[in-house]
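Peer 1: Here's a sequence, model it:
(one chain, ligands or ions: 1)
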Amino acid sequence: MKQDAHSPAISAPTSQPFSSGPVSSGPVSSGLRIDIDNLDEAEVRLQQLHLYVDNHQHDRLLAPMLALITGSVLSIWVTWQVAALWMLVAFLITRNYLRVYNNFKQADPEAADVVKWERRIATAHGMHMLHWGGLCIWAWQPGVFENHIFIAMIVLGLMCATTAMSSPSYRLFIRDMAPVVIIGCARPLFEEGLLYHAMSALSVCFSILMVNVGLQIHRNLLRMLCLQQERRQLITELENMATTDALTGVSNRRAFIQCASEEINRSRRYEHPLSLLMIDIDHFKKVNDTFGHAMGDEVIKQVAQMIERDCRHNDRLARFGGEEFAVLLPESEICLAELTAERIRQRIESTEIIKEGQEVRVTISVGVAELSATDQHIDRLLDVADKRLYQAKNNGRNRVETA
Ligand SMILES: Nc1nc2c(ncn2[C@@H]2O[C@H](COP(=O)(O)OP(=O)(O)OP(=O)(O)O)[C@@H](O)[C@H]2O)c(=O)[nH]1
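Peer 2: Numbers count the residues shown, from 1 in each chain. Next up, the predicted model:
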């Protein structure tokens, strides 16, 4: 594919965007690849946060249910008042973090400050993890076998749930895991006997396993998010390439025809006027032959800019190819279009185009046509404007022809 100054920076992926896992870009169906370093880290982190929050959505039902069961069992070892208090705090904390998640989901993604949200979510969910993890210390009953099974189930359950639900965000996953891992591994060490030390050793092993699994899931999700973003960027670049002229940055013929068809339909429906200018630089071959192609390119670019300057913002300019341009003027009758064309012609005629010490002046010829009541398509309009353009050429160039 031809690459020029206006083409997007497309190259083979070289390195990873973030430090938290190996991420490489796979081949894209078109055969093009975007430089993965250009990916927007903030956008990927925002997507990670959304995944994290989405994973916790079922906590709405599950967390209160688990708190209810846990609190009920807890009353075997502590007074019912203490168990009820524990449950109440669990409900309040759950309600708080779900409210933070809800606010995050409703926040404007454009204006979202990822770091701020990450901090708020980590604080809200961290309290939840501390509350549950802390249970394993103060509800622990030395020597009571059922109690140990219960505590072990809670530790394992928290580890598994954290691994499954928090892995999208590396930072939040580690923070969520920490209270459970530390408490689960450390608490049995305070007891004497092989069983307790074995419990502690097993907790360490499970923790390593779970952290490893969580990080693997995280890396795969990150890769998926990067590929999604890369694909979105590629689609945008390809859309731009398909509709924009690389040299001048204005629309190309294809995009112009599409837009003109829509404008024609609109003008016909509301019976509004619409005109078209076909513009061609005079004796452009001479510019190339005398000053070289680079100067020729510069002339085309600057002529495009000068035309644009004299157009209204809802006029549509396109480079039709070579040194030919088309301008669609919605809401303009032919006399207004003629005035615009004349203004453009005069500006171009009187402007010196300078590049690397060389100066050149060019002129343009313009054919003007107006949409008639019988016109269904752009074809007749283009045809009439084209004929008038060649009439302008035949009549000596540097002129506007309307009839
Ligand atoms: N530098 C440059 N030249 C181009 C580009 N596209 C087309 N051309 C040249 O533009 C010239 C157009 O020449 P012609 O079609 O003969 O027209 P002209 O010399 O402008 O003569 P008239 O239109 O009759 O006034 C050709 O020499 C093309 O090679 C481009 O992107 N850059």
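Peer 1: mind checking how far stretch 199-206 is from the chain centre?
Peer 2: Distance of stretch 199-206 from the chain centroid (CA atoms, centre = their mean, to the nearest Å) equals 42 Å.
Peer 1: Please apply the same query to stretch 86-93.
Peer 2: When distances are taken as CA atoms, centre = their mean, stretch 86-93 is centred 38 Å away from the chain's centroid.
Peer 1: Next, count neighbours for the residue in the stretch 51-200 of the chain that the ligand sits nearest to.
Peer 2: Distances between the stretch 51-200 of the chain and the ligand by CB to the nearest ligand atom are smallest at residue 110, namely 37.6 Å. Glycine gets a C-beta too; all of them are placed from N, C-alpha and C. By other CB atoms under 10 Å, the residues close to residue 110 number 5.
Peer 1: and if you look at residue 384?
Peer 2: So residue 384, with other CB under 10 Å, has 20 neighbours.
Peer 1: repeat for residue 236
Peer 2: Using other CB under 10 Å, residue 236 has 12 neighbouring residues.
Peer 1: For the host helix or strand of it, what is the distance to the chain centroid?
Peer 2: Assigned by DSSP states H and E, residue 236 falls within helix 194-243. Using CA atoms, centre = their mean, the mean C-alpha position of helix 194-243 is found 20 Å from that of the whole chain.
Peer 1: One more: stretch 290-299?
Peer 2: Offset of stretch 290-299 from its chain centre (CA atoms, centre = their mean): 38 Å.
Peer 1: For that stretch, buried residues please.
Peer 2: Neighbour-count burial for stretch 290-299, counted by 16 or more other CB atoms under 10 Å, picks out 291, 295, 296, 297, 298, 299.
Peer 1: which two in the residues you listed are spaced the farthest apart?
Peer 2: Longest distance between any two of the buried residues of stretch 290-299 is 10.4 Å, between 291 and 297; criterion CB to CB.
Peer 1: and the helix or strand hosting residue 61, C-alpha only, in CSV?
Peer 2: According to DSSP H and E, residue 61 maps onto helix 59-74. The C-alpha coordinates for helix 59-74 follow below in CSV (Å, rounded to 0.1, in the frame of the first residue of the first chain):
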residue,chain,number,x,y,z
ASP,A,59,-23.2,-9.1,43.9
ARG,A,60,-26.5,-7.3,44.1
LEU,A,61,-28.2,-10.6,44.9
LEU,A,62,-25.3,-12.8,45.9
ALA,A,63,-23.5,-10.7,48.4
PRO,A,64,-26.6,-10.1,50.7
MET,A,65,-27.5,-13.8,50.4
LEU,A,66,-24.0,-14.9,51.4
ALA,A,67,-23.9,-12.3,54.2
LEU,A,68,-27.2,-13.7,55.5
ILE,A,69,-26.0,-17.3,55.5
THR,A,70,-22.6,-16.4,56.9
GLY,A,71,-24.1,-14.3,59.7
SER,A,72,-26.5,-17.0,60.6
VAL,A,73,-23.8,-19.6,60.9
LEU,A,74,-21.6,-17.1,62.7
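Peer 1: how does this protein divide into domains?
Peer 2: Domain ranges of the chain: 36-236, 251-401, per automatic domain parsing.
Peer 1: Rebuild these as CSV, extending it with mean pLDDT.
Peer 2: Output for those, formatted as CSV (pLDDT from 0 to 100):
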stretch, mean pLDDT
domain 36-236, 90
domain 251-401, 92
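Peer 1: got any residues that touch both of residue 291 and residue 297?
Peer 2: When CB atoms under 8 Å, 6 or more residues apart in numbering defines a contact, no residue borders residue 291 and residue 297 alike.
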